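Novice: need coordinates for the below:
(one chain, ligands or ions: 1)
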Amino acid sequence: MMNIPFNWPHMTGKELYYIAQSHCNGRLAGDGPFTKRCHAWLEERASCGKALLTHSCTAALEMAALLLDIQPGDEIIMPSYTFVSTANAFVLRGAGVVFVDIREDTLNLDERLIEAAITPRTKAIVPVHYAGVACAMDEIMAIARRHGLKVVEDAAQGVMASYKGQALGAFGDLGCYSFHETKNVIAGEGGALLVNDPLLIAQAEIIREKGTDRSRFFRGEVDKYTWQEAGSSFLPGELIAAFLFAQMEEAERITEERLGIWRRYHQMLAPLEQAGLLRRPIIPNHCRHNGHMYYTLLAPGIQRQRVLDKLKSQGIGAVFHYVPLHASPAGRRYGRVVGSLAVTEDISERLIRLPLWFGLDAARQERVVEVLAGALRRT
Ligand SMILES: *Cc1c(COP(=O)(O)O)cnc(C)c1O
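Specialist: Numbering: from 1, shown residues only. Predicted coordinates:
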C-alpha cells in the first residue's frame, strides 16, 4: 500500500549548517545575527516597517492584543471558522469575541457582515486568511477606518501570499505569521509579528523583551536598559532563527512547488466537481495564494467521516479542519454570535483537506484522487 501522509515537513538542506554557525559563534539567545537576517527578509518581503520573530503565531497574536491595549469588556470581531489562537489571544486580555459568518467562496470573514456586528465596545477586526487566500482587505480596511477600529491580520497561513500585489499581514495595524511545522515555511514552532503602524514599533520591541528597552540598549540608543512597562518574553532563540533563515532563503521555491501540486489537484478534481460530488476552492482574481492547503467541499449528503475512513484505510492522510469556535465550550463562554453562521456550520461539516507537501508527486496525487473518487461514488 502506498502511504501518503497529510503533511511531510520539507528540509531545505541548509538548516543544520546555519545552526552549526550559531553554535560556533556562541550566539544562542534571541535577536542575534540569524534573527536579524529573518527580520530583514520579512521586512523586505512584506514591505513593513518592523518585523519581529516570536515563538509562534499564537505569541504574535498575544503581542497584538497587548499592543492594542485590549481591556476586559472590549469586543473583537472575527470568524468562527478559525484556529483557537485567533480568539484566545484576546480572551486572555478579558475581551469578548464576536463571531460573524464567512464567505461561501473563500471561506474568509464575510466583510459584508462586519458592520452589523460593531458596537461601541468593538476595538478590532481580526481577518483570517484561510488557506493563504486573502480576505477582502480593501473593504475590511475601509470599514475599520470608518469606525476607528484596529485590524490584526491572522496571516498564519499566508506567508508568501498577496492581495493586489501586497503581502498578506502587511495591511492591518498588525499582522501575524506562523512558521509551525505544518505551514509552508517552517521552524518547528515559530512566528512573526509584522508591525505596520509605525507608532507601535517601539512598544512592540519593549513588550517582546520582558517590558524592557533592551532592544534600544543593544542598538546603543540608551546606556542601560530598564523596566518600561508590562511585557513578557516573546522572542525565539537563535537556533530557531538559524533553521528558519534556511527556509526563508528557499521560500520562493517552496511556494512554487506547492502551487504546482495545488494546480495538479485542481485539474484532477475538475471531473468530480462537474459530476456534482464536490466543490473545489475558489481563488478571487486579485489574490495570489501560496499553495498552503488543498481543501475540497464534499457535496451535501455525502458522509464525510466515511470518506475520510476510506482514505485512511488506503493509507491516505486526508483530514477535516476546524470545529467552529462558536460551537465549542470556550467559544460559548467567551464569544457571541451576530447573525446566522449558516455558511460556517455548513462548510465545516463538508470540508476535507488533502495531503499537500513539498515533493508530493503526480503518481501519489493520482492515487489520492482515485481513492477519493471511489469513496464519493459509493457514499
Ligand atoms: C497555524 C495557525 C495559528 C497558530 O500558529 P502557531 O504558530 O502554531 O501558534 C493561528 N491561526 C491560524 C489561522 C493558523 O492556521
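Novice: and the residue nearest to Ile143 when sequence neighbours are not counted, what does it touch?
Specialist: Counting by Cβ to Cβ, 6 or more residues apart in numbering, Ile114 is the residue found nearest to Ile143 once chain neighbours are left out, at 5.3 Å. To be clear about C-beta, it is placed using only N, CA and C from the backbone, and glycine gets the same treatment. By Cβ atoms under 8 Å, 6 or more residues apart in numbering, the contact list for Ile114 reads Ile77, Val100, Ile125, Ile140, Ile143.
Novice: whether the helix or strand containing Ala51 contacts the ligand - can you check?
Specialist: Of the helices and strands defined by DSSP states H and E, Ala51 is found in strand 50-54. No: Strand 50-54 does not reach the ligand (Cβ under 6 Å from any ligand atom); its nearest approach is 8.3 Å.
Novice: residues in contact with that strand?
Specialist: Applying Cβ under 8 Å, 6+ apart, the external contacts of strand 50-54 come out as 30, 35, 38-39, 42-43, 60, 63, 190-195, 198, 201, 204-205, 208, 234-236, 240-241, 244.
Novice: could you dump stretch 35-46 to PDB, C-alpha only?
Specialist: Provided in PDB are the C-alpha atoms of stretch 35-46 (Å, rounded to 0.1, in the frame of the first residue of the first chain):
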ATOM      1  CA  THR A  35      17.200  36.700  13.900                       C
ATOM      2  CA  LYS A  36      18.300  39.900  12.200                       C
ATOM      3  CA  ARG A  37      18.500  38.200   8.800                       C
ATOM      4  CA  CYS A  38      15.000  36.800   9.300                       C
ATOM      5  CA  HIS A  39      13.700  40.300  10.300                       C
ATOM      6  CA  ALA A  40      15.300  41.800   7.200                       C
ATOM      7  CA  TRP A  41      13.800  39.100   4.900                       C
ATOM      8  CA  LEU A  42      10.300  39.700   6.400                       C
ATOM      9  CA  GLU A  43      10.600  43.500   6.200                       C
ATOM     10  CA  GLU A  44      11.600  43.300   2.600                       C
ATOM     11  CA  ARG A  45       9.000  40.800   1.500                       C
ATOM     12  CA  ALA A  46       6.200  42.400   3.300                       C
END
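Novice: give the buried residues for it.
Specialist: Of all the residues in stretch 35-46, those buried under the rule 16 or more other Cβ atoms under 10 Å are Thr35, Arg37, Cys38, His39, Trp41, Leu42, Glu43, Arg45, Ala46.
Novice: same deal with stretch 187-198?
Specialist: Neighbour-count burial for stretch 187-198, counted by 16+ other Cβ under 10 Å, picks out Ala187, Glu189, Gly190, Gly191, Ala192, Leu193, Leu194, Val195, Asn196, Asp197.
Novice: and that stretch, how far from the chain's centre?
Specialist: Using Cα atoms, centre = their mean, to the nearest Å, the mean C-alpha position of stretch 187-198 is found 11 Å from that of the whole chain.
Novice: likewise stretch 208-218?
Specialist: 27 Å.
Novice: can you tell me how far the residue nearest to Ile143 is from Arg306?
Specialist: Distance, Ile114 to Arg306, by Cβ to Cβ, to the nearest Å: 37 Å.
Novice: and what of Ala299?
Specialist: 13 Å.
Novice: again with Pro329
Specialist: From Pro329 to Arg306 the distance is 27 Å (Cβ to Cβ).
Novice: mind splitting this protein into its structural domains?
Specialist: Split into domains by automatic domain parsing, the chain comes to 15-249, 251-378.
Novice: hmm, back to that, restricted to helices, list the contacts of Ile114.
Specialist: By the criterion of DSSP state H, membership of the contacts of Ile114 in helices covers Ile140, Ile143.
Novice: just the buried ones out of the contacts of Ile114, please.
Specialist: Of these, these count as buried by 16+ other Cβ under 10 Å: Ile77, Val100, Ile125, Ile140, Ile143.
Novice: contacts only, for the fourth one.
Specialist: Looking back up the chat, that one is Ile140. Leu109, Glu111, Ile114, Ile125, Pro127, Val151, Phe171.
Novice: which of those sit farthest apart?
Specialist: For those, the farthest-apart pair by Cβ to Cβ is Ile114 and Phe171; their separation is 14.6 Å.
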